[in-house]
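>>> I would like to see how this sequence folds:
(chains A and B)
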2 protein chains.
Amino acid sequence: MKNLKSPNIAIIGTGSTKFGELFDQSYDDLVREAATLAMTDAGVTMDMIGAAWLSTAFPEIGVFKGRSGMDLAEPLSMYDIPVTRVSNFCASGGDAIRNAVNALLAHDCDVVMALGVEKLRDRTPQDSIVRMMVEYTHPYFQKGFTAAGTFAVYANKHFEKYGVTREDLARVSVKNHHNGTLNEKAHHRRELTVEQVLASPMVADPLTVMDCCPTTDGASCVIMVRAEDVDKAKHNPVHIKGIGLNVATGWDLPFFDPHYDFLSFQATKNAAKVAYAQAGITDPLKEIDLAEVHDCFSIVELLTYEDLGFCGAGEAKDMIRSNTTALGGEIPVNVSGGLLSCGHPVGATGIRMVVEVADHLRNRAGKRQVKGAKVGLTQNIGGPGAIASVMVLGLD
Amino acid sequence: MKNLKSPNIAIIGTGSTKFGELFDQSYDDLVREAATLAMTDAGVTMDMIGAAWLSTAFPEIGVFKGRSGMDLAEPLSMYDIPVTRVSNFCASGGDAIRNAVNALLAHDCDVVMALGVEKLRDRTPQDSIVRMMVEYTHPYFQKGFTAAGTFAVYANKHFEKYGVTREDLARVSVKNHHNGTLNEKAHHRRELTVEQVLASPMVADPLTVMDCCPTTDGASCVIMVRAEDVDKAKHNPVHIKGIGLNVATGWDLPFFDPHYDFLSFQATKNAAKVAYAQAGITDPLKEIDLAEVHDCFSIVELLTYEDLGFCGAGEAKDMIRSNTTALGGEIPVNVSGGLLSCGHPVGATGIRMVVEVADHLRNRAGKRQVKGAKVGLTQNIGGPGAIASVMVLGLD
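The predicted structure is shown next:
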């Protein structure tokens, strides 16, 4: 039986580095910056951290960073505590938070850190994430298929079944790049037009370069305590009301099942079901004020509207056409700029989303503030659509 | 403040594959075998598992196995639950169990699986663990240093400071290989003499081949529930009375601190302190009936006696000379054969130790049964002596 009780864990501090091509910052530098920002925000010192979780999905081969909890402890000289490294592809950050939440609820410690970090840019060609995927991965990828190629099939199926168009995909990228111009920590900050997205080089038909998120360096961190340990004089907390992690398929789907429909991700649906039940969400569109979702490719944001129940099957195109998910719309999605503008340092992304939603709920998101936001959601999908993390954050 | 309350989580099922050169079994095959053994032993079916943790420290590059929880879910078709992959070098298995324990105590689920698996043998030379360490790791290793070379310094320092001899190291290997002859799942099963160990090829002076554990394939699994959920008519549980995971140093020690003494591992001491406090252990030598410790190299078993408080500093040599840690001695250590005889599939080893100790406490360890064993310990040390896991198991 699934746990449908809200964890109600309080996030008391958050921090993110700038996301981008951070050639002048090492993995350790990124860890230090994100951790220091979050601890300063929380008003906690390092000796108060009882345990920590490190999310890195693709450890740097050249310098061996990210394979163990040591790589979070050492840059901070934060020793004599447990530090766990978790990896779950693009859901790594959410899973680091989940295990940290469990440790608090287990009363294994009182203050926890979850930090995600990834260096993807300054790698040798031998060590690049694309080469790793193509040469060292599942036989499917070794046949020349890529992540973009996989998600392109979802796009084409949505074209065929639901009448989604290339312009609809482009609208996602235009929206998120606009939002990113308001976020000084985003990787790519420039306005785009639908025409520019359509005219950019084709990666995997129908996805152009501007339908694909960049590979990026960055780190994000949250500090959490149990709700009853919040110091109201000092903290301005945001609470994790629901958290779901779900593995729903393997490599078998989507690649080897001829009946697979390429329309949605069961993992997102399953994870959302748990997170919604815990948080008491019954009408996501009405009850959620903003969402950060996994727009690794433009099509994924669209189908995620449907997987999360923001609309019915086939209706995502209407949401993007009507600006329902734009800043100022009924449910702004990827106000940060999303992966398309912020970039996607894989282990950091899930935590970066929580930092963003927390900033809105704490009314400190600056020019892109969603006014009066009280409930927010984050979602990631990882691997071959196999693993999803969904969180619902609220004010108390 | 550290949590000093016993988790008292019940292990209700355990299982291990044969450890060895398992060229005829894939990563997935090993997962299936260990999980099936443990679930059968526990009398639980897969639909009862509420969440799972996968421990793999060195994912297979060639087939991309072990980077996410999906690689535990897919071989079992165990979907619609959270599955986390943890990696913490040689402490990965203990950390998988620790996070699973927290999830139970958090009431996030009711039945959990922790499974460790590693395929180290049938790799291409490009993908071998030694080449990975030498070419793709910390600059220290890139200068040609190796794990054996590092631990050899500890051995030489113990020679110089405490009068440990090469024969003392050999006695560890002789003891553990003898124990391994009684364990049909051990990798190398043959009696050795001190003379044979000394005469075997030198790897890093004073460590010969027979002072070094082999690289090995294998998988181990445990199924756990909260103590109050044990069905006494059905289960014969063993309880986790104390569990400590500790990151105590980075790469900085032992490699870059000229004052470092190369005599002990602070991480083991720190983790043991927590596990002992939780379990109420005040006199380890008297209160612990058997221990599985991390004899990756013979010297490590010796210094671990001291780190765990089985004896004082410099006294480990007396324990091995007097057969105190032999089967039938006061505190048998590595009755399974240890890493030296069982081999060391990194992600599996910590869980394999728990399977071994549980078998003794459940009085089903066959020819190597430690008679009347009621309390057992497991210990791993990972990375550059940086990360340790210590568990104390008891009967209730």
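>>> Surely A:Gly218 is in a helix?
No - read with DSSP: H, G, I helix; E, B strand; the rest coil, A:Gly218 is strand and lies in no helix.
>>> Just give the nearest non-adjacent residue to A:Glu167, would you?
Distance criterion C-beta to C-beta, 6 or more residues apart in numbering or on different chains; nearest residue to A:Glu167, sequence neighbours excluded, is A:Val194 at 5.6 Å. Quick note: C-beta positions are derived from backbone N, CA and C, even for glycine.
>>> A:Val392: what's it in contact with?
Counting by C-beta atoms under 8 Å, 6 or more residues apart in numbering or on different chains, A:Val392 touches A:240-243, A:275-276, A:278-279, A:281, A:288, A:375-377.
>>> The residues you listed in helices, which ones?
A:Ala275, A:Tyr276, A:Gln278, A:Ala279 (DSSP state H).
>>> Dump those to TSV, plus neighbour count.
Listed next are those as TSV, based on neighbours: other C-beta atoms under 10 Å in any protein chain shown:
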residue	neighbour count
A:Ala275	28
A:Tyr276	24
A:Gln278	22
A:Ala279	28
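>>> Determine which two of those residues are furthest apart.
A:Tyr276 and A:Gln278 (7.3 Å; C-beta to C-beta).
>>> Give me the common contacts of these two.
A:Gly242, A:Val392.
>>> What is the nearest of the contacts of A:Val392 to chain B?
Nearest to chain B, judged by C-beta to the nearest C-beta, of the contacts of A:Val392 is A:Ile243 at 9.0 Å.
>>> can you pull the pLDDT of the closest one?
A:Ile243 carries a pLDDT value of 98.
>>> If you drop the residues flanking it in sequence, what lies closest to it?
Using C-beta to C-beta, 6+ apart, the closest residue to A:Ile243 is A:Met391 (5.0 Å).
>>> Quick check: the one you found touching A:Val354?
Yes - the pair A:Met391 / A:Val354 is scored as a contact, 6.6 Å apart, by C-beta atoms under 8 Å.
>>> Which of these two has more residues huddled nearby?
Each of A:Met391 and A:Val354 has its neighbours counted (other C-beta atoms under 10 Å in any protein chain shown); A:Met391 has more, 31 against 28.
>>> The strand or helix carrying the more buried one pairs with which strands, parallel or anti?
Taking DSSP states H and E as the criterion, the element that holds A:Met391 is strand A:387-394. Note on strand A:387-394: by DSSP bridges, its sheet partners are strand A:238-247 (antiparallel), strand A:375-382 (antiparallel).
>>> sorry, back to before: any residues in contact with both of A:Met391 and A:Val354?
Joint contacts of A:Met391 and A:Val354 (C-beta under 8 Å, 6+ apart) are A:Ile97, A:Thr378.
>>> shaky segments in chain A?
Counting by pLDDT under 70, chain A has low-confidence residues at A:1, A:61-63, A:124-144, A:254-255.
>>> Centre-most residue in it?
For chain A, the residue sitting closest to the mean C-alpha position, by C-alpha atoms, centre = their mean, is A:Gly350 at 3.1 Å.
>>> didn't A:Tyr27 look like it was pressed against A:Leu115?
No - between A:Tyr27 and A:Leu115 there is no contact under C-beta under 8 Å: 11.4 Å.
>>> ok, the residue in the stretch 151-300 of chain A that chain B sits nearest to to B:Gly218 distance?
The nearest approach of the stretch 151-300 of chain A to chain B comes at A:Gly250, 2.8 Å away (C-beta to the nearest C-beta). Noted for A:Gly250: a distance of 22 Å to B:Gly218, by C-beta to C-beta, to the nearest Å.
>>> rewinding a little: in a helix, that's where the residue nearest to the centre of chain A is, yeah?
Yes - assigned with three-state DSSP, A:Gly350 falls within a helix.
>>> ok, it - contacts?
By C-beta under 8 Å, 6+ apart, A:Gly350 lies in contact with A:55, A:90-97, A:116, A:378, A:380, A:389.
>>> The closest residue to the residue of the stretch 151-300 of chain A closest to chain B other than its chain neighbours: neighbour count?
Nearest residue to A:Gly250 in three dimensions, chain neighbours excluded: B:Glu74, at 2.8 Å (C-beta to C-beta, 6+ apart). As a burial measure, B:Glu74 scores 23 neighbours (other C-beta under 10 Å).
>>> A:Gly309 too?
18.
>>> Looks to me like A:Met210 is in a strand.
No - under three-state DSSP, A:Met210 sits outside any strand and is assigned helix.
>>> isn't it right next to A:Leu169, touching?
No - A:Met210 sits out of contact with A:Leu169 when judged by C-beta under 8 Å, with a separation of 9.3 Å.
>>> So those two - more neighbours on which side?
A side-by-side neighbour count of A:Met210 and A:Leu169, using other C-beta under 10 Å, places A:Leu169 first with 28 against 23.
>>> ok, back up a step: CA-only coordinates of the strand holding A:Met391 in PDB, if you can.
C-alpha atoms of strand A:387-394 as PDB (Å, rounded to 0.1, in the frame of the first residue of the first chain):
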ATOM      1  CA  ILE A 387      11.600   7.200 -13.700                       C
ATOM      2  CA  ALA A 388       9.600  10.300 -12.500                       C
ATOM      3  CA  SER A 389       9.800  12.500  -9.500                       C
ATOM      4  CA  VAL A 390       6.800  14.800  -8.600                       C
ATOM      5  CA  MET A 391       6.700  17.100  -5.600                       C
ATOM      6  CA  VAL A 392       3.900  19.400  -4.400                       C
ATOM      7  CA  LEU A 393       5.100  22.400  -2.200                       C
ATOM      8  CA  GLY A 394       2.900  24.500  -0.100                       C
END
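>>> on that earlier part again, so can I have TSV of the ones in helices among the contacts of A:Val392 showing distance to chain B?
TSV is the format used below for the ones in helices among the contacts of A:Val392 (distance: C-beta to the nearest C-beta, whole Å):
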residue	distance to chain B
A:Ala275	12
A:Tyr276	15
A:Gln278	10
A:Ala279	15
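>>> residues touching the residue in the stretch 251-396 of chain A that chain B sits nearest to, list them.
Nearest to chain B, among the residues of the stretch 251-396 of chain A, is A:Ala386, at 4.7 Å (C-beta to the nearest C-beta). The contact partners of A:Ala386, by C-beta under 8 Å, 6+ apart, come to A:Phe89, A:Val247, A:Ala248, A:Thr249, A:Gly250, A:Trp251, A:Leu253, A:Ala267, B:Ser68, B:Met70, B:Ala73, B:Glu74.
>>> how far away is the last one from B:Ala35?
Translated: B:Glu74. 12 Å.
>>> what does the third one give?
Taking C-beta to C-beta as the measure, A:Ala248 falls 19 Å from B:Ala35.
>>> Tell me which of these two has more neighbours.
More crowded of A:Ala248 and B:Ala35, by other C-beta under 10 Å: B:Ala35, with 26 against 22.
>>> A helix includes that one, no?
Yes - according to three-state DSSP, B:Ala35 belongs to a helix.
>>> Return the residues in contact with A:Leu245.
A:Leu245 touches A:Asn88, A:Ala91, A:Gly94, A:Asp95, A:Arg98, A:Ala271, A:Ile387, A:Ala388, A:Ser389, B:Pro82, B:Thr84, counting by C-beta under 8 Å, 6+ apart.
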